[in-house]
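Peer 1: Structure for this input, please:
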Amino acid sequence: MRRGLIGAVLMYLGPSEHGTPRFVRRGRRFSRISTLQFSLWVFVFAAIFLLYFIFFGLTMLSTDEIEESADISVKEESSRTGGGSKHRRKYTPCNVPLKESVDYFKEPREVMNFTQFSLEYIDQEEKLPTSDIYEPRFGGHPTLEEREQSFYAVNQTLHCGFVNGPPGSSSTGFDLDMKDKAYMKDCKVAVSSCIFGSSDFLRRPTSRKISDYSKKNVCFVMFVDEESLAKISSEGHFPDDTGHIGLWRIVIVKNLPYADMRRTGKVPKLLSHRLFPSSWYSIWVDSKMRLNTDPMQIIEYFLWRAKSEYAISNHYDRHCVWEEVRQNKRLNKYNHTVIDEQFTFYQSDGLTKFDSSDPNTPLPSYVPEGSFIVRAHTPISNLFSCLWYNEVDRFTSRDQLSFAYTFLKLRRMNPDRPFYLNMFKDCERRALAKLFRHRAELSPPVT
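Peer 2: Model (predicted):
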C-alpha cells in the first residue's frame, strides 16, 4: 500500500511528455485559470458595489439627511464672525419647564384684561385724486399722516395688507382657493409656515411630540407657491386627498404680491390674524425649523403663564439696531441706500441705541430672532402686527430692522394702553424646534 502510494506520487512528480514536471505544468495552468477567475470576480464585486453606492447613496441624501448635515448653528456662527474665526460660539437650547399636557383652550380675555378697542381693515382703495398714475398695491398707498395716526390704539380702520384697487382692478395678490379660506376661517389655534421660491425643504412637525388634542383642534398650515409645491413633490412629498402632507395642510398661494420672495413671506408671518380671522392664537414657525413641541404647551408657557399677548425671542447675538444695520450691509442683505433711508427715518422719529444698563429699557433686546412668534389675537397685538407689516411694506423686507422702532413708537404713543410683549431667550426657541439651514438663501431684490 505504501509502495503504491509512493509510486503514484513519484509518477505525479515525474516528467511529463514535454519534459517538465507535471505539477509545474498544472500549477501554471491553474495559475492562468485563477488569475482570470480572480479578475472576473473583482469586476463583478466592483460593479455590485457601484450599483449599491448609487442606489443607497441617493437614498442617504434624502431631505432629512441633507438637513441634518447642515446644522444651523454653523451658519449663524459663521454669519456672526464672517466665516473666518476659528473660535466660534455655540448656541445651545436650554430647559423650558413646559406643562406635561394642555388639552383646553382659554380665550385671551380669560388670561387677563388686555387693552380693548376695535380694528377694521381697508380692503379697497380708490384712485388717488392727486395722481394720474395709479397702480393697485397689496399694501395699499397709506399717506404719512395715515401711517402716523394708525399707531394710536383706538377704534380705527387701517391699512394691513390685502388691499385691492377700484372695482374692475385685478387682484393685488396672495390669492387662495375658497376651500382653503373656509378651512382657515374655522381655526381657533393656528400653526403656520411658508415656502416661496423653492427656498426650503418641507419640514414636518414631529408627530410623536404633538398631542392628540392638538392634532384634532389646531390647524397646521403651510403656505406654498406653485413652484415650491412642484419642488416638494419631486422630492416625494405629495398632498393626500384632504390636502395634507403629514400634519401640514398645504395651501397654495397664487399671484404672489411681491417679486421679493422674502417680503412675500412676511404676509403669513406677520398677518396671521388676517389669514385666520376667527383664531384666538397663532404660532409662526419659520421654514428653517421643525416644530418639536405641542402648540398648546407653547401657548400656555409663553402667553398664559407669562400673562402676555405676544411672544418672540431675542436675537442670539445682536441686541442693538445699529449692529443689525451694520450686519445687513456687511452681508449685503439689502440695498445699502434703502437701508440708510429707513434707518435715518427711524432715528429722526426717536429710535435710540439699545442700552442694557438702562433699567427703563422696555425689552431685553431691540433685535428679535423672528423665526418663532407666538400670538394672542388681541386688538393691540393685531395692531402691532399690522404696523410691523406696514414698515416691511414701506421700507426693506428685513423685519429685524423695523421691530424695535414699531414697538417703541406704539408704546410711546399709547402710554395708558399697555402692550404685553414677552421677549424670551433664544435658547428657549432652540429647545422647542430643530433648526436647519435654508435650502437656498433668497437673493436681495434689485432696487
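
Peer 1: Could I get the full set of helices for the stretch 301-447 of the chain?
Peer 2: 321-330, 336-348, 379-394, 403-413, 426-432 (DSSP state H, counting those that start in this stretch).

Peer 1: what angle separates the longest one from helix 403-413?
Peer 2: In other words, helix 379-394. 130 degrees (axes from the mean of the first three to the mean of the last three CA atoms, to 10 degrees).

Peer 1: circling back to that earlier point, what's the closest of the helices of the stretch 301-447 of the chain to residue 195?
Peer 2: Taking CB to CB, helix 379-394 is the member of the helices of the stretch 301-447 of the chain nearest to residue 195, at 18.5 Å. Backbone N, C-alpha and C define where each C-beta goes, glycine included.

Peer 1: related to what we said a few turns ago, for residue 181, find the nearest of the helices of the stretch 301-447 of the chain.
Peer 2: Closest approach to residue 181 among the helices of the stretch 301-447 of the chain (CB to CB): helix 379-394, 18.6 Å.

Peer 1: Check which helices and strands that closest one sits against.
Peer 2: strand 119-121, helix 261-270, helix 272-275, helix 403-413 (3 or more CB pairs under 8 Å, 6 or more residues apart in numbering; DSSP states H and E).

Peer 1: Does anything pack onto the longest one? Which helices or strands?
Peer 2: So that's helix 403-413. Contact partners of helix 403-413 among helices and strands, from 3+ CB pairs under 8 Å, 6+ apart: helix 379-394.

Peer 1: so how far is the helix it packs on off the chain centroid?
Peer 2: 20 Å (CA atoms, centre = their mean, to the nearest Å).

Peer 1: what angle do it and helix 261-270 make?
Peer 2: Using the same axes, to 10 degrees, helix 379-394 lies at 170 degrees relative to helix 261-270.

Peer 1: Helix 379-394: which residues count as buried?
Peer 2: Within helix 379-394, the residues that count as buried by 16 or more other CB atoms under 10 Å are 379-393.

Peer 1: Tell me the secondary structure of residue 219, please.
Peer 2: Recorded secondary structure, residue 219: strand (DSSP: H, G, I helix; E, B strand; the rest coil).

Peer 1: That one: what's its closest spatial neighbour, skipping adjacent residues?
Peer 2: Sequence neighbours aside, residue 187 is the residue nearest to residue 219 in space, at 3.8 Å (criterion: CB to CB, 6 or more residues apart in numbering).

Peer 1: a helix runs through the one you found, doesn't it?
Peer 2: No: membership of residue 187 in a helix is not supported by three-state DSSP, which gives coil.

Peer 1: and it, how many neighbours?
Peer 2: Neighbour count for residue 187, taken as other CB atoms under 10 Å: 24.

Peer 1: Where do the strands of this structure begin and end?
Peer 2: Taking DSSP state E as the test, the strands found in the chain are 119-121, 156-158, 189-195, 218-224, 244-245, 248-252, 281-285, 289-291, 310-314, 368-376, 421-424, 433-435.
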